[in-house]
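Visitor: mind folding the following:
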Amino acid sequence: MEDQKTPAPADTAGTENQAAPVSMEAALQEAEARLSKEIRKGQIIKGRVVFVGHDGVAVDVGTKVEGLIPFAQLTNEELPEEELKNLLKPGDEVEVYVLRVDPDEGQILLSKKRVEADRAWKKVAELYEKGEPIEVVPRERVKGGLVAYVEGLRAFIPASQVDLKRNVNLDEFVGKPMPAKIIELSRKKGRIILSRRVLLEEEEKRKKREVLEQLEPGQEVEGKVVEVTDFGAFVNLGPVDGLVHRSELSWGRFSHPREVVKEGDVVRAKVVSVDPERERVNLSIKAATPNPWEVVGEKYQVGQKVKGKVVGLTPFGAFVEVEPGLEGLIHISEMSWTKRPKHPSEVVKEGEEVEAVILKIEPEEKRLSLGLRQLMPDPWKELPEKYPPGTIIKGKVTGITPFGVFVEIEPGIEGLIHVSELDHARVENPAAVVKKGDEVEAVILQIDPAEQRISLSRKRLLEPPVPTEEKKPKKKKAAKAKGKGRTERRPRPRPAEVGATAAYQTYDASIASPSTTSVKLGDLYGDLLKELELEESEG
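Guide: Okay, here's the model as predicted:
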């Protein structure tokens, strides 16, 4: 307490008192009051700063001994010693709490921060009860959060309570004012927990309510895709996120929503439904775009060339996506003029980009017929000039059926030798005449480019059989007698000449229906010969 005995402070006090001279009587009364005044531990009293020393701040509390406020008892804030020395200056009035009184040693230990703490805790308790937000400035980053001061009291902001997002950079908040709310208070434990996140959530809920009240089904909105999942995509509409279910993403087909949208995309969508209580909004991106089948007639015409991606293969054809939601079918019969693939995969592959020609548009049925072979020259158009009727060809037997034999004329082009055109004699089993793989000669009877059918004949290249004489029935001889000695002879039919032209008008398609063959089946020339022979035998 050597600083208390230093004469400098006394001079200062004396200088202050010079402005107001006191009488001897008043001085005596003051001295007597100082001697009689008692100070007890726990009291809150007022005093005046006398000087700032090395150990603390000396304060005149109206007793014969000056009180001392150690620097550690000046404030609750952690400040360097230089700043602590500048908190108070001589002459300042200060309210202090009496920590200890030691008459024997002439010491009175005071605390300024205890008074401030009592006042601060009362103020903080009022703020906590009212739930009012406060503004704080984080002083430092510590393990698990930030440290700030409220009314001079140390407070802690957990990292999870700093922002709505997780794993934020806490250093960005140090030294910057932020709003916060007291969420936990315990004076006994000296604990004050603050939260900025609570205020952000309250503000977000308020904005959500405003937005949800404004949204209506059918309304068109714009937002950014913030998340893509297996079942759809979330689109941010400000304070609220809307869900676009995968069924509402596109008119077209896809395996995963990421094939349609990705995070960060700005999209337009229509509101499907709003649930304010559950804070849910359902959106539809495809509803914001026209149904491609409703405008297909305006965008495409029959005969137009289009490009698309093969999205599916079936035994009867390939589906091609011309645009999202608009798929056309290339039937297996429209894939090639000459080839007869057993499966579309022999011509196109799934995922392949192809070009095709529109053959038919049926918007009401949602059908679009496409053709692949129309992009290539039609060899069938040249066949009638190349192989007129009567032309002799050689070809390999590619197939044998009960109704005839198929012969390959050119690669991919086959003609049919009907069973009646195999031989002059009646053929019950075509396989008994020719074998698959045999090379045979035949004559062209007819070519139908529209139906892609070629009728052939083998027997017309064969020598006709020699007619044999048969004994006339007795009944016929009686008829001869009635004819006055003259026998009525019918004209014998002329054998088929080699290379003869077919009688096209006598062709009957019922002999072999188109469902069982891809070419015409010839005519009934052979059947006519049999009828003539029958009549001759009857004669």
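Visitor: Y300 reaches V306, doesn't it?
Guide: Yes: using CB atoms under 8 Å, Y300 is in contact with V306, at 6.8 Å. Heads up, the C-betas are built off the backbone N, CA and C, glycines and all.
Visitor: break the chain down into its structural domains.
Guide: Residue ranges for the domains of the chain, per automatic domain parsing: 2-116, 131-200, 215-288, 296-375, 384-537.
Visitor: so for the shortest one, mean pLDDT?
Guide: For domain 131-200, the mean per-residue pLDDT is 91.
Visitor: mind listing what the closest residue to H256 other than its chain neighbours touches?
Guide: Closest residue in space to H256, ignoring its immediate chain neighbours: D230 at 7.0 Å, by CB to CB, 6 or more residues apart in numbering. For D230, the contact set (CB atoms under 8 Å, 6 or more residues apart in numbering) comprises 246, 256-257.
Visitor: same thing but at 10 Å, please
Guide: For D230, the contact set (CB atoms under 10 Å, 6 or more residues apart in numbering) comprises 246, 256-258.
Visitor: do the same with S336
Guide: Neighbour list for S336: 346-347, 372-373, 376, 412 [criterion: CB under 10 Å, 6+ apart].
Visitor: mind checking how far it is from K46?
Guide: Look at S336 and K46: by CB to CB, to the nearest Å, they are 109 Å apart.
Visitor: again with E441
Guide: 136 Å.
Visitor: V124: which of the domains of the chain is closest?
Guide: domain 131-200 (5.7 Å; CB to CB).
Visitor: chain center to the closest one: distance?
Guide: Centroid displacement of domain 131-200 relative to its chain, using CA atoms, centre = their mean, to the nearest Å, is 39 Å.
Visitor: residue contacts, the residue lying closest to G371 once chain neighbours are set aside?
Guide: Closest residue to G371 apart from its sequence neighbours, by CB to CB, 6+ apart: E334 at 4.1 Å. With contact taken as CB under 10 Å, 6+ apart, E334 is in contact with 317-318, 356-357, 359, 369-374.
Visitor: switch to 8 Å and redo it
Guide: Contact partners of E334, counting by CB under 8 Å, 6+ apart, are 317, 359, 369-374.
Visitor: how near is it to D423?
Guide: Distance of E334 to D423, given as CB to CB: 37 Å.
Visitor: can you check R280 too?
Guide: Per CB to CB, R280 is found 81 Å from D423.
Visitor: likewise for R154?
Guide: 115 Å.
Visitor: so if I had to pick from these two, which one is more boxed in?
Guide: Using other CB atoms under 10 Å, the more surrounded residue of R154 and D423 is D423, with 18 against 15.
Visitor: list the residues that contact that one.
Guide: Applying CB under 8 Å, 6+ apart to D423 gives the contacts 433, 458-459, 462.
Visitor: in three-state terms, label it for me.
Guide: Secondary structure state of D423, per DSSP: H, G, I helix; E, B strand; the rest coil, is coil.
Visitor: check what pLDDT it gets.
Guide: For D423, the predicted pLDDT is 90.
Visitor: run a quick neighbour tally on R48.
Guide: Neighbourhood size, R48 [other CB under 10 Å]: 17.
Visitor: where does the nearest residue to it once chain neighbours are set aside land on pLDDT?
Guide: Among residues not flanking R48 along the chain, D60 sits closest, at 5.1 Å (CB to CB, 6+ apart). You'll see D60 listed with a pLDDT of 88.
Visitor: ok, E352 next?
Guide: On the pLDDT scale, E352 is placed at 91.
Visitor: got it, and the one 5 residues further on?
Guide: You'll see V357 listed with a pLDDT of 93.
Visitor: excluding its backbone neighbours, what's nearest it?
Guide: With sequence-adjacent residues excluded and distances taken as CB to CB, 6+ apart, V357 is closest to Q374, at 4.0 Å.
Visitor: from Q301, how far out is the one you found?
Guide: Applying CB to CB, the value for Q374 to Q301 is 14 Å.
Visitor: between those two, which is the more surrounded one?
Guide: Neighbour count, other CB under 10 Å: between Q374 and Q301, Q374 has more, with 15 against 9.
Visitor: which SS state does K205 fall under?
Guide: helix.
Visitor: near it, how many other residues are there?
Guide: The local packing of K205 (other CB under 10 Å) involves 12 other residues.
Visitor: same question, the one 3 residues further on
Guide: Taking other CB under 10 Å as the neighbour definition, K208 ends up with a count of 18.
Visitor: please begin residue numbering at 41 from this point
Guide: Understood, numbering begins at 41; the last thing we discussed is K248.
Visitor: residues touching it, list them.
Guide: K248 sits next to 279-280, 319 when contact means CB under 8 Å, 6+ apart.
Visitor: for the stretch 191-340 of the chain, just list every one of the strands.
Guide: Taking DSSP state E, counting those that start in this stretch as the criterion, the stretch 191-340 of the chain carries its strands at 193-198, 218-226, 231-235, 260-269, 272-276, 281-285, 306-315, 320-324.
Visitor: can I get the ones you listed in TSV with distance to K434?
Guide: TSV is the format used below for the strands of the stretch 191-340 of the chain (distance: least, CB to CB, whole Å):
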stretch	distance to K434
strand 193-198	94
strand 218-226	96
strand 231-235	95
strand 260-269	64
strand 272-276	65
strand 281-285	65
strand 306-315	66
strand 320-324	65
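Visitor: closest to V177 out of these?
Guide: Among the strands of the stretch 191-340 of the chain, strand 218-226 sits nearest to V177 (CB to CB), with 7.5 Å.
Visitor: what segments of the protein are helices?
Guide: 47-58, 64-76, 121-125, 152-170, 237-254, 336-339, 423-426, 514-522, 565-578 (DSSP state H).
Visitor: the last one - what's its average pLDDT?
Guide: This points to helix 565-578. 47.
Visitor: same thing with the second one?
Guide: For helix 64-76, the mean per-residue pLDDT is 51.
Visitor: and for stretch 482-496?
Guide: Stretch 482-496 comes out at a mean pLDDT of 90.
Visitor: buried sites along it?
Guide: Neighbour counts over stretch 482-496 (16 or more other CB atoms under 10 Å) mark 482-488, 492-496 as buried.
Visitor: ok, now stretch 137-147?
Guide: Result for stretch 137-147 [16+ other CB under 10 Å]: buried residues 137-139, 141.
Visitor: now do stretch 318-327
Guide: Of the residues in stretch 318-327, 321-327 count as buried by neighbour count, 16+ other CB under 10 Å.
Visitor: same question for stretch 327-346.
Guide: Neighbour counts over stretch 327-346 (16+ other CB under 10 Å) mark 327, 332-333, 336, 340, 346 as buried.
Visitor: in these, find the pair that's most separated.
Guide: Every pair of the buried residues of stretch 327-346 checked by CB to CB; the farthest is A327 and V346, at 25.2 Å.
Visitor: P505 and H464 touch, don't they?
Guide: Yes: counting by CB under 8 Å, P505 does reach H464; the two are 5.4 Å apart.
Visitor: the more surrounded of these two?
Guide: More crowded of P505 and H464, by other CB under 10 Å: H464, with 16 against 10.
Visitor: and the residue nearest to V397, what's its pLDDT?
Guide: Note on Q414: pLDDT of 86.
Visitor: residues touching it, list them.
Guide: Contacts were defined as CB under 8 Å, 6+ apart; by that measure Q414 touches 374, 396-397, 399.
Visitor: so it versus I398, what's the distance?
Guide: Taken as CB to CB, the span from Q414 to I398 is 9 Å.
Visitor: what sits in contact with each of these two?
Guide: By CB under 8 Å, 6+ apart, Q414 and I398 have no common neighbours.
Visitor: and the residue lying closest to D203 once chain neighbours are set aside, how many neighbours does it have?
Guide: The shortest distance from D203 to any non-neighbouring residue, by CB to CB, 6+ apart, is to R237 (6.2 Å). By the criterion of other CB under 10 Å, R237 has 19 neighbours.
Visitor: which residues does R237 contact?
Guide: 200-204.
Visitor: could I get the buried residue list for stretch 237-247?
Guide: Going by neighbour count (16+ other CB under 10 Å), the buried part of stretch 237-247 is 237-238, 240.
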